[in-house]
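Colleague: Model the following, please.
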Amino acid sequence: MNNELDKWEREQGVEFLRNIGIRDNQTVLDFGARVGRYSIPTAIAVGKKGLVYSIDKDQEALNRLKQKAISLNLENIKIIKNSGEVKFKLKDKSVDAVLLYDVLHYMNNATRKTLYTQTHRVLKSNGLLSVYPKHVLDDNPLDELKEFSLDDVKQEVQESSFTFEEKYCGTISHDDGLNWGCVLNFRK
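Modeller: You can find the predicted model right below:
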């Protein structure tokens with residue numbers, strides 16, 4: 001990994017996540033965690049008494065996340081491999097926040113609706129849903145979201161019983177680099 005991404009994960013990413021509402025002692029679900037670009041700074045942001053569920057279908061990526069967590073002495077990340085399904089094997093109302101960062105473009109409309117339903121189920125009352133809708137019309141259009149604007153994503157999530165709270169923009173990790181991006185925050 002390069003030094004710029006290392007620094008983002010340990011410093012700027014932690015600040016970015018705190019600015020969107022991630023706090024000490026929270027339980028956070030990072031869906032589509034891959035190698036932990038958001039799980040690592042989230043684990044630092046929630047502290048030792050917090051917990052991060054990192055869910056992904058790619059075992060190799062999860063192995064890299066595990067090694068990175070070990071090297072940083074982060075014991076508050078629970079890695080969960082799934083088969084790509086969007087059903088979370090977590091209790092109802094058991095998490096404070098869910099991160100859906102750079103994953104929506106892989107899903108069709110019906111799958112995204114299932115994802116929002118599952119997210120709503122596991123979030124506590126007033127829980128935070130933070131969405132980074134990369135690859136929409138406004139940001140390198142691709143796959144299922146190539147015809148969507150940020151406003152379209154906002155409307156889609158609101159139709160799934162979430163209340164829009166704010167749009168927050170800043171430097172964010174994407175793949176193996178950093179770029180300017182905006183997340184949309186919602187409340188249950």
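Colleague: what about the strands in the chain?
Modeller: Applying DSSP state E to the chain gives strands spanning 27-31, 51-56, 77-81, 95-101, 123-132, 163-174, 177-187.
Colleague: Neighbours of the closest residue in space to Leu51 that isn't next to it in sequence, how many?
Modeller: Leaving aside its sequence neighbours, Leu51 sits nearest to Thr27 (CB to CB, 6 or more residues apart in numbering; 4.6 Å). Where C-beta positions appear, they are placed from N, C-alpha and C, glycine not excepted. Residues contacting Thr27 under the criterion other CB atoms under 10 Å number 19.
Colleague: was I right about Thr27 contacting Gly50?
Modeller: Yes. Contact criterion CB atoms under 8 Å: Thr27 and Gly50 qualify, at 6.6 Å.
Colleague: Not counting its neighbours along the chain, what's nearest the residue nearest to the spatial centre of the chain?
Modeller: Of all residues in the chain, the one closest to the mean position by CA atoms, centre = their mean is Leu99, 2.4 Å from it. Computed as CB to CB, 6+ apart, the closest residue to Leu99 that is not its neighbour in sequence is Asp30, at 4.8 Å.
Colleague: sorry, back to before: what bridges to the residue nearest to the centre of the chain?
Modeller: Asp30, Ser130 (DSSP bridges).
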